[in-house]
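Colleague: I would like the atomic coordinates for the input below:
(one chain, ligands or ions: 1)
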Amino acid sequence: MMSDLSLYSANNLKETDLNGHVTASDDVVLSVNNVSKKFCRDLKLSLMYGMQDIVGEMVGLRKQSEQLRKKEFWALKDISFQLRRGEALGLVGKNGSGKSTLLRIIAGLIKPDTGNVEIKGRVAPLIALGAGFNAVLTGRENIYANMSILGLSKEEIDERFDEVVEFAEIGEAIDAPVQTYSSGMQARLGFSCAIHTKPDILLIDEVLAVGDIRFRSKCHKKLRELRHNGTSFILVSHITQLILNTCELSIFLKYGKLIKQGNSQDVMQIYEQDLFEINSQETTKKIFKFDSMKKQLIENSGIKINEIAFKDENGNEISEILTGNFLKIETLITSDKTFEDVNLFIKIQEIGGEGEPTLLLNSFNDGNSFQIEPGSHCITIELPYLGLKPGIYNFTLLIKESGLYIVDLVESIQIIVKANIIMTDCLFYQPRKWKSTRVD
Ligand SMILES: Nc1ncnc2c1ncn2[C@@H]1O[C@H](COP(=O)(O)OP(=O)(O)OP(=O)(O)O)[C@@H](O)[C@H]1O
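Modeller: Residues are numbered from 1 along each chain as shown. Next up, the predicted model:
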């Protein structure tokens, strides 16, 4: 059982896994302790600060500083977590949230401004496509250069050379300059070099997204093998499903801050809510009442919308509208006269979207017209599974006569849709059933 990141701290020698079992701190291969990193938005100032810091360091005056200078910002702030032998950790966050900066600090490519990173063993960074490769050198020369930077001796590289080339499927191109390689070939060679150093920690930043599907699945198979032999890795990806399939644990960064860490299912749910810009505290109003003073679109049309309610299959008002769940929308109307052919038209439009309606529901097109006598009526529509992805929507409801003439309407109701399920970057929810049947 993998341990929950939130259950341990850098100073804890007796750490517990999710089951509360005490685990050995010897297993920890990476400790990131209160790491912060600041950058400067202004190139000139950035160069000046860089010079100041180098000089300060040379004369031993540079201290870890919590202060921001002009035009500086925190790309990472107080990040702490640990990684154990054989664990796979997903790292997610929107563009610019600090993922690459964190990997570069762990790889030792840049220094944190405060905090520190403790590593046991060899780290192999697969951070950018072709990183560490010299374009004018051949594949062969680059293998030697790259793997020796990662700490292997010439003899060790000689021993593994054929395996590296075979895994990368570079063939005879191994003696051509790397600048003649396709992006897929560079990714394959980079991955092959990194894994053949037998690293204790592998850092993978989106590079697995490059290359064809066959090679990607070969890489994933290799990663499983490496994990089995004790390699830990951190995987950065925008593909939720890839993280869920590969990593039990994840971290979610936002504006350089660690928002959530723990098992990947929980972290991805918070990450997706954030992606779809839903505040978890916000809920949809369950019932919208429109008082008698509401101005009717068409004076004396004879029909008025009084109330719209969102309910579950048992007729209970719901506090949250959830993707994939049953949803009943009830519209209470009053009528002064008889209408032979009343239809309801619902338009749902994502706020901040492209302006196109996300969902249009038209009872007239569905062959449902209602006869309305004078008095109060409730018109109901039931959605067995709500297909809307999590988000904030504008809800409009029109009452029409004969599918044409608007007799009343309610506009600009804001509804919030949330999800208890992982949506995996989808734009809508598809209800489904899976089964496996023996056929022989
Ligand atoms: N060398 C640098 N100088 C100044 N700002 C930088 C530097 N490197 C990164 N940044 C800034 O730091 C923030 C974090 O960048 P980072 O590349 O770590 O984000 P990320 O989460 O990896 O983004 P993406 O998903 O787009 O790769 C961004 O605002 C970025 O513009």
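
Colleague: got the domain boundaries for the chain?
Modeller: As assigned by the TED database, the chain contains the domains 28-58+67-277, 303-438.

Colleague: distance from the first one to the middle of the chain?
Modeller: Domain 28-58+67-277 has its C-alpha centroid displaced from the chain centroid by 17 Å (Cα atoms, centre = their mean, to the nearest Å).

Colleague: what of the shortest one?
Modeller: With Cα atoms, centre = their mean as the basis, domain 303-438 stands 29 Å off its chain's centre.

Colleague: for stretch 55-73, same thing?
Modeller: With Cα atoms, centre = their mean, you get 33 Å for stretch 55-73.

Colleague: give me the contact list for it.
Modeller: 36, 38-42, 45, 49, 53, 74, 113-115 (Cβ atoms under 8 Å, 6 or more residues apart in numbering). For every residue, glycine as well, the C-beta is placed using N, CA and C.

Colleague: at 7 Å instead, please
Modeller: 38, 39, 40, 41, 42, 45, 49, 53, 113, 114 (Cβ atoms under 7 Å, 6 or more residues apart in numbering).

Colleague: next one: it, is it in contact with the ligand?
Modeller: No: using Cβ under 6 Å from any ligand atom, stretch 55-73 stays clear of the ligand, with a minimum separation of 7.3 Å.

Colleague: measure that stretch end to end?
Modeller: End-to-end distance for stretch 55-73: 22 Å, by Cα to Cα, to the nearest Å.

Colleague: try stretch 105-115
Modeller: So stretch 105-115: terminal residues 11 Å apart, Cα to Cα.

Colleague: quick one: average pLDDT of the helix or strand residue 392 falls within?
Modeller: Here residue 392 sits within strand 391-401, counting by DSSP states H and E. Confidence for strand 391-401, expressed as mean pLDDT, is 89.

Colleague: keeping just the C-alphas, turn that strand into PDB.
Modeller: Taking C-alpha atoms only, strand 391-401 is exported to PDB below (Å, rounded to 0.1, in the frame of the first residue of the first chain):
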ATOM      1  CA  GLY A 391     -18.700  24.400 -14.800                       C
ATOM      2  CA  ILE A 392     -20.800  27.600 -14.400                       C
ATOM      3  CA  TYR A 393     -23.700  28.000 -16.800                       C
ATOM      4  CA  ASN A 394     -26.300  30.500 -17.700                       C
ATOM      5  CA  PHE A 395     -29.800  29.000 -17.700                       C
ATOM      6  CA  THR A 396     -32.600  30.400 -19.800                       C
ATOM      7  CA  LEU A 397     -36.200  29.100 -19.900                       C
ATOM      8  CA  LEU A 398     -38.800  30.200 -22.500                       C
ATOM      9  CA  ILE A 399     -42.400  29.300 -22.600                       C
ATOM     10  CA  LYS A 400     -43.600  29.300 -26.200                       C
ATOM     11  CA  GLU A 401     -47.000  28.800 -27.900                       C
END
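
Colleague: helices or strands up against it?
Modeller: Under the contact definition 3 or more Cβ pairs under 7 Å, 6 or more residues apart in numbering; DSSP states H and E, strand 391-401 sits against strand 303-311, strand 339-350, strand 405-418.

Colleague: of all the ones you listed, which one is nearest the ligand?
Modeller: Closest of those to the ligand is strand 339-350, at 23.1 Å (criterion: Cβ to the nearest ligand atom).

Colleague: tell me what the closest one is packed against?
Modeller: Using 3+ Cβ pairs under 7 Å, 6+ apart: strand 339-350 touches strand 359-362, strand 370-372, strand 391-401.

Colleague: in the shortest one, what counts as buried?
Modeller: In other words, strand 370-372. residue 372 (16 or more other Cβ atoms under 10 Å).

Colleague: same question for that strand, mean pLDDT?
Modeller: 94.

Colleague: please report how far the nearest residue to residue 173 once chain neighbours are set aside lies from the ligand.
Modeller: The shortest distance from residue 173 to any non-neighbouring residue, by Cβ to Cβ, 6 or more residues apart in numbering, is to residue 139 (6.4 Å). Separation of residue 139 from the ligand (Cβ to the nearest ligand atom, to the nearest Å) stands at 27 Å.

Colleague: so residue 139 is in contact with residue 189, correct?
Modeller: Yes: using Cβ atoms under 7 Å, residue 139 is in contact with residue 189, at 6.0 Å.

Colleague: joint contacts of the two?
Modeller: With Cβ under 7 Å, 6+ apart, residue 139 and residue 189 have common neighbours residue 170.

Colleague: hmm, back to that, any idea which of the domains of the chain is most buried?
Modeller: Greatest average neighbour count among the domains of the chain goes to domain 28-58+67-277 (a mean of 18), per mean count of other Cβ atoms under 10 Å.

Colleague: ok, residue 395 - contacts?
Modeller: 348, 413, 415.

Colleague: go again with 10 Å.
Modeller: 284, 288, 308, 310, 329, 346-349, 359, 410-415 (Cβ atoms under 10 Å, 6 or more residues apart in numbering).

Colleague: what separation do you get for the closest residue to it other than its chain neighbours and residue 347?
Modeller: Of all residues not flanking residue 395 in the chain, residue 413 sits nearest, at 4.2 Å (Cβ to Cβ, 6+ apart). Distance of residue 413 to residue 347, given as Cβ to Cβ, to the nearest Å: 11 Å.

Colleague: where along the stretch 151-300 of the chain do the helices fall?
Modeller: 154-168, 183-195, 213-228, 240-246, 264-275 (DSSP state H, counting those that start in this stretch).
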